[in-house]
Structures are given as structure tokens and as C-alpha cells.
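Q: I'd like to go over a predicted model; first the sequence, then the structure.
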Amino acid sequence: MTGTQVVLALDQLGTVTFALNGAMTASRRVRLDIVGVLALGVITAIGGGLIRDVLLGATPPAALEHWYYLAAAGAGAAAAWVIARPPRALHRVIVVLDAIGLSVFCVTGAHKAIELGLQPAPAILLGAITAVGGGTLRDVLVGDVPSVLTSELYAIPALAGATVAVLAGTSNAAAPAAVVGAVLCFAIRMVGVHFDLNAPARDPHAAPTEE
């Protein structure tokens with residue numbers, strides 16, 4: 001497989017897993033009908049890519065230009081509707097799906113930015129935006145503080161994975177770099193979940209320090 005084919009395959013994997021995760025997560029938080037579940041699943045899956053493509057001026061966005069993105073997102077969201085409210089045993093699966101989607105999208109987003117001529121720093125930033133954008137839109141729509149703005153290790157793994165994909169992703173090593181970046185992001189995210197690690201955060205209720 002060529003580097004482009006590997007990135008496309010990763011993109012489709014991320015689309016399905018984010019749709020499934022997004023729909024399941026939303027249905028756990030609020031009562032939704034089938035339209036709500038499908039809509040939030042699809043938004044989670046393609047939202048980050050839409051934001052990325054608009055910022056890059058790559059219009060129409062890939063998710064709207066190629067039928068298979070909406071098909072993959074719809075399939076993942078429909079599967080979440082069939083499963084309905086997952087039992088507690090599946091909560092871990094939801095976390096893993098989220099980590100997979102995060103890992104895949106951070107490298108594919110960065111790869112597309114590099115392909116369109118961006119410098120490494122903005123390409124890394126757009127990789128992270130691709131990874132967290134859909135989940136952020138979902139959280140806002142259900143009335144939650146987005147995960148990326150809380151103290152969980154969420155944006156940091158995406159930035160790490162995108163950095164590897166960009167800095168190691170020469171034309172001859174784009175596919176290996178994308179895979180390594182995705183694996184690194186997934187590993188950091190799951191280590192954070194397992195050990196309940198958080199990014200540094202300030203407690204809004206803490207007493208102010210005296211000078």
C-alpha cells in the first residue's frame with residue numbers, strides 16, 4: 001500500500017470509530033431519539049475534518065465531497081443506535097474507540113495539512129484540531145464542557161501523534177510515520193486513562209495565594 005492509501009484507510013477507521021463512540025457517548029448523557037443519535041455520531045466523526053478543511057481552504061470538504069466518509073460515519077452511528085445504551089462493561093470499549101479515533105485523526109489531519117503546503121507547526125496544530133474537533137462539537141451540542149478543555153490527557157496525545165507524523169513523515173516515510181504517530185497518541189491516551197493522569201489544571205474553587 002502507498003502512503004496515501006494507508007492514510008485513507010486510517011481516516012476511514014477513525015470515521016467509523018468516532019461515529020460509534022460519539023453516538024454512544026451522547027446517548028449516555030442525554031435522552032436522544034434516532035435522529036439525535038445519528039446526527040451526533042456523524043458530527044463527531046466528520047466535524048474535526050470539516051473544521052480542518054475549511055481552515056485550509058480545501059473546499060468542498062472531503063467529508064462532503066466523497067460519499068464514503070458519510071457512509072462510514074452513518075454506519076458507525078447506526079451501530080450505536082442498535083446497541084442503544086451500552087452496559088457498563090462496554091464503557092471501556094467506548095474509551096478505547098475514542099482513543100482510536102483520536103489517534104487516527106491527529107495523523108491524517110496533519111498529513112493533509114502538509115500535503116497542502118503548510119509548515120510543520122500549523123500542520124501539527126491542524127492535526128490536533130482534526131482529532132478533537134468532532135468531539136468538541138458533540139460535547140457543546142449536549143451541553144457539556146468539551147473534553148479537550150478539561151484536565152484529561154486528550155489534546156496532549158493528539159499533539160504528540162501529529163508531531164511524529166509531521167516531523168518523521170517525509171515523502172518516503174509518510175505511511176510508517178502516520179502509523180507510529182497514531183500508536184504513540186493511542187498509547188499516551190490509554191496510559192492516561194489507566195493511571196487517571198491529568199494535564200495540569202487550576203481549581204476554580206481554590207483559595208487565591210497571598211503575595
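A: Alright, I've got the coordinates. Residues are numbered from 1 along each chain as shown.

Q: so what's D144 up against?
A: R29 (Cβ atoms under 8 Å, 6 or more residues apart in numbering). The C-beta positions use only the backbone N, C-alpha and C, and glycine is treated the same way.

Q: could you pull out the helices for the protein?
A: Here the chain has its helices, by DSSP state H, at 3-29, 34-56, 62-65, 67-83, 91-115, 120-141, 155-167, 174-195.

Q: pLDDT of the second one, averaged?
A: The predicted model assigns helix 34-56 a mean pLDDT of 95.

Q: related to what we said a few turns ago, now the helices of the chain in TSV, with mean neighbour count?
A: Formatted as TSV, those follow (neighbours: other Cβ atoms under 10 Å):
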stretch	mean neighbour count
helix 3-29	23
helix 34-56	23
helix 62-65	17
helix 67-83	18
helix 91-115	25
helix 120-141	23
helix 155-167	24
helix 174-195	19
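
Q: tell me, which of those helices is the model least confident about?
A: Among the helices of the chain, helix 3-29 scores lowest, with a mean of 85.

Q: Report the spatially closest residue to L10, excluding sequence-adjacent ones.
A: Of all residues not flanking L10 in the chain, V104 sits nearest, at 4.6 Å (Cβ to Cβ, 6 or more residues apart in numbering).

Q: I'd say that neighbour and A9 touch.
A: No: counting by Cβ atoms under 8 Å, V104 does not reach A9; the two are 9.3 Å apart.

Q: With distance to L149 as added columns, please give the helices of the chain in JSON lines.
A: Shown next, in JSON lines, are those (distance: least, Cβ to Cβ, whole Å):
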{"stretch": "helix 3-29", "distance to L149": "16"}
{"stretch": "helix 34-56", "distance to L149": "15"}
{"stretch": "helix 62-65", "distance to L149": "24"}
{"stretch": "helix 67-83", "distance to L149": "24"}
{"stretch": "helix 91-115", "distance to L149": "15"}
{"stretch": "helix 120-141", "distance to L149": "8"}
{"stretch": "helix 155-167", "distance to L149": "9"}
{"stretch": "helix 174-195", "distance to L149": "16"}
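
Q: closest to A201 out of those?
A: Set against A201 and scored by Cβ to Cβ, the helices of the chain come closest in helix 155-167, at 12.2 Å.

Q: Any chance you could list what contacts that closest one?
A: 99, 102-103, 105-107, 109-111, 114, 120, 123-125, 127-128, 131-132, 148, 177-178, 180-182, 184-186, 188-189, 192, 199.

Q: Same check on stretch 55-68?
A: Against stretch 55-68 from outside (Cβ under 8 Å, 6+ apart): 12, 46, 49-50, 52-54, 69-70, 73, 112-113, 116, 118, 126, 129.

Q: give me that answer again for 6 Å
A: Outside of stretch 55-68, the residues within contact range by Cβ atoms under 6 Å, 6 or more residues apart in numbering are 46, 49-50, 53, 69, 116.

Q: what do you get for stretch 102-110?
A: Counting by Cβ under 6 Å, 6+ apart, 7, 10-11, 13-14, 48, 52, 123-124, 126-128, 130-131, 158, 161-162, 165-166, 178, 181-182, 185-186 sit against stretch 102-110.

Q: same thing but 7 Å
A: 7, 10-11, 13-14, 48, 52, 123-124, 126-131, 157-158, 161-162, 165-166, 178, 181-182, 185-186, 189 (Cβ atoms under 7 Å, 6 or more residues apart in numbering).
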